[in-house]
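> Return a 3D structure for these sequence lines:
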Amino acid sequence: MIPLPAIEYFKFEDDFVEDNIRCIPMIVRFKLDTCGIKLKLKAWSKMTSSEREQLAVMSVDSPQNIKTYQSLLSTLIENYTGETVTEFSSKNEINSCAQEAVSPEVETKLRELEITMTLDQWRSLRVLQRFALIKLSRPGHENKNFPKALKEFGII
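As a prediction, this is how the structure comes out:
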């Protein structure tokens, strides 16, 4: 398991974290990927602020904590949408965060923006920062926050 702080929001997330956590923050997305459960924005938006905060604070650092997180999330999704959870495998993204080499997705996005990142810069990033860059560099993702994240993390 990859250890994380209990809760951490990035500055590039401020616009939606301050507004009742209206979008799913990276700390929760990391935990969702760790648990292998898809959470749609539709279900997230129906949750209370305290439920959203609970999902951000809960730990996923052990198999038991992952099961507890999965159970709570399943209950919330079913209660708010009537749907069962959708499971997926996200081992590649989670494993990429722990790798010493810059992930291919991030390298591709950096090239598109004509930005360079050294291996030392990548290695200096915390796991959640690496995860954020991987998520923000994915095709089809609104990438306006990728440069903001790079600036926040001291890359540019």
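> And the contacts of the helix ranked longest in the chain?
As assigned by DSSP state H, the longest helix anywhere in the chain is helix 63-81. With Cβ atoms under 8 Å, 6 or more residues apart in numbering as the test, helix 63-81 has contacts from 1, 31-32, 34-35, 37, 39-40, 42-43, 46-47, 51, 54-55, 58-60, 83-85. Just so you know, the C-beta spots here come from the backbone N, C-alpha and C atoms, and that holds for glycine as well.
> in stretch 113-131, what's buried?
Across stretch 113-131, burial judged by 16 or more other Cβ atoms under 10 Å covers 117, 122, 125, 128-131.
> of all those, which two lie farthest apart?
Using Cβ to Cβ, the buried residues of stretch 113-131 span at most 16.7 Å, a distance reached by Met117 and Leu128.
> Check what pLDDT Lys11 gets.
Looking at Lys11, its pLDDT reads 87.
> hmm, I was thinking of Glu51
94.
> got it, and Pro5?
So, for Pro5, pLDDT stands at 53.
> Got the domain ranges for this protein?
11-87, 95-150 (automatic domain parsing).
> Distance to Ile156 added to these, as CSV?
Below are the domains of the chain laid out as CSV (distance: least, Cβ to Cβ, whole Å):
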stretch, distance to Ile156
domain 11-87, 13
domain 95-150, 5
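> End to end on stretch 51-65, go ahead and measure it.
16 Å (Cα to Cα, to the nearest Å).
> Tell me which residues of it come out buried.
For stretch 51-65, by 16+ other Cβ under 10 Å, it's 51-52, 55-56, 58-60, 65.
> Many thanks, have a good one.
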